[in-house]
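# Pasting a predicted model and its sequence here:
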Amino acid sequence: MNVLLIGSGGREHALAWRLAASPLLSKLYAAPGNPGVAGEAELVALDVDDHDAVRRFCLDHGVDLVVVGPEAPLVAGLADDLREAGVRVFGPSKAAAQLEGSKGFTKDLCARFAIPTGAYRRFSALEPAKAYAREQGAPIVIKADGLAAGKGVTVAMTLEEAIEALEACFDGSFGSAGAEVVVEEFLTGEEASFFCLCDGKTALPFGTAQDHKRVGDGDTGPNTGGMGAYSPAPVMTPEIIERTMREIVEPTMRGMAEMGHPFQGVLFVGLMIGEDGPKLIEYNVRFGDPECQVLMMRLKEDLLVLLNAAVDGQLAHASARWRDETALTVVMAAKGYPASPEKGGVIRGVAAAGGDNVEIFHAGTALRDGELVANGGRVLNVTAMGARAREAQKRAYEAVERIDWPGGFCRRDIGWRAVERERG
């Protein structure tokens, strides 16, 4: 099979790494990719916002499957335009991608189909939203309705923070994404990520993980796209997984089909596990980043076989097996991230840092005069396997130490919850 992978981050490097291992693969293209992806695929200079250009490339190069990594092209309808041209795509339609593209759409779906989530209200004007926030009190959660590159959600611990977040949304800080706002209940418990491969009818459980959103050790500082992750998530017990499927995923699949938007692709379920069980925080319609990196390390199946089964509506006959070990990834970010990351710093020692049970996935890197340089906020994903979380954590940080990048930093406590559980 000829496969085109859309995207340029650490998630896409991890997907390329797994796809390249499939005996079914003839040729892997990636657009635009990055220097790490280039080790697994042929990079093509495609503007993925130009759907017609992507369509022409697929038809001219005999592409049998397109795998869309990031959310923005899905929300923009790339999958629809390619399917219309007869190109097979792994990823939801524009209508189904509203599960991530509109926070309000998801909350309304939850209300309609009795899916457990936090209480909420939708607003399209500042003053009523401020009045509601004052009425509810803090802590409270403010979400820009649309895509805001992971920066549109504020967990406001004070009313002042909530008002500032609302003003930021309505003054255009997030562009059109903040034209409408969801104000919702603050949920307590432990967060976890749960994934399913979906074919429109069947949802196949596809692993658990736990992310670290705050930029600093001890979960301090501003939210980021994710500073590290590990899999499996101990809080996702067999009972919690069963309840998540029954109470959240299955009614979502039924509801989307009933609304005429059957969901095919990755359903990323962001959960809060509290005393009364799992509640939905949000849906994403693609693999998490950096959760994808740890899932790909643990997956024992041929990824391409599973993606084909999802596209062909055959997941009822598929299974996903996992390595028992823990995978853990540490994000190395450029100084100044998430506000103003410093680009251009030279990075050395990446090849030497990898090895047995350690993979270095490139996220925001570029080549300049033959040298690897930082070209984004989150730059490298140092990913390791271990028999237990503590061993995976130790291996990952040993690999971090082998990388020579004065302009980078990382959290030093990735996996702390799992490590504390192991200590008992």
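Okay, I see it. Since the structure is predicted, the reported quantities are computational estimates derived from the model, not experimental observations.

# okay, how far is it across stretch 350-359, tip to tip?
Terminal residues of stretch 350-359 are spaced 10 Å apart (Cα to Cα, to the nearest Å).

# If you count neighbours, what's buried in that stretch?
Judged by neighbour count (16 or more other Cβ atoms under 10 Å), stretch 350-359 contains these buried residues: 350, 353, 354, 357, 358, 359. To be clear about C-beta, it is placed using only N, CA and C from the backbone, and glycine gets the same treatment.

# Look up how far residue 323 lies from the fifth one.
Right, residue 358. 14 Å (Cβ to Cβ, to the nearest Å).

# Check the first one too.
Look at residue 350 and residue 323: by Cβ to Cβ, they are 24 Å apart.

# re earlier: sitting in helices, which of the buried residues of stretch 350-359 do you find?
Residues of the buried residues of stretch 350-359 located in helices (DSSP state H): 350, 353.

# what separates the spatially most central residue of the chain from residue 71, distance-wise?
Among the residues of the chain, the one closest to the centroid is residue 288, at 1.7 Å (Cα atoms, centre = their mean). With the distance defined as Cβ to Cβ, residue 288 ends up 11 Å from residue 71.

# go on, residue 78?
From residue 78 to residue 71 the distance is 11 Å (Cβ to Cβ).

# Overlap of the contact sets of these two?
Here residue 78 and residue 71 share no contacting residue, scored by Cβ atoms under 8 Å, 6 or more residues apart in numbering.

# partners of residue 265 in the sheet?
Under DSSP bridges, the beta-bridge partners of residue 265 are residue 198.

# That one contacts residue 287, doesn't it?
No. Using Cβ atoms under 8 Å, residue 265 makes no contact with residue 287, being 9.5 Å away.

# Now do the helices in the stretch 101-250 of the chain.
103-112, 126-136, 159-170, 238-244, 250-258 (DSSP state H, counting those that start in this stretch).

# Kindly present these as TSV, with separate columns for distance to residue 372.
Formatted as TSV, the helices of the stretch 101-250 of the chain follow (distance: least, Cβ to Cβ, whole Å):
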stretch	distance to residue 372
helix 103-112	37
helix 126-136	45
helix 159-170	35
helix 238-244	39
helix 250-258	41
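
# Tell me which of those helices sits nearest to residue 26.
helix 250-258 (32.4 Å; Cβ to Cβ).

# list the buried ones in the closest one?
Applying 16+ other Cβ under 10 Å to helix 250-258 flags 250, 251, 252, 253, 255, 256 as buried.

# so what's the second one up against?
Spelled out, that is residue 251. Contact partners of residue 251, counting by Cβ under 8 Å, 6+ apart, are 113, 114, 115.

# Run a quick neighbour tally on residue 191.
A count of nearby residues for residue 191, using other Cβ atoms under 10 Å, gives 17.

# Cheers, nothing more for now.
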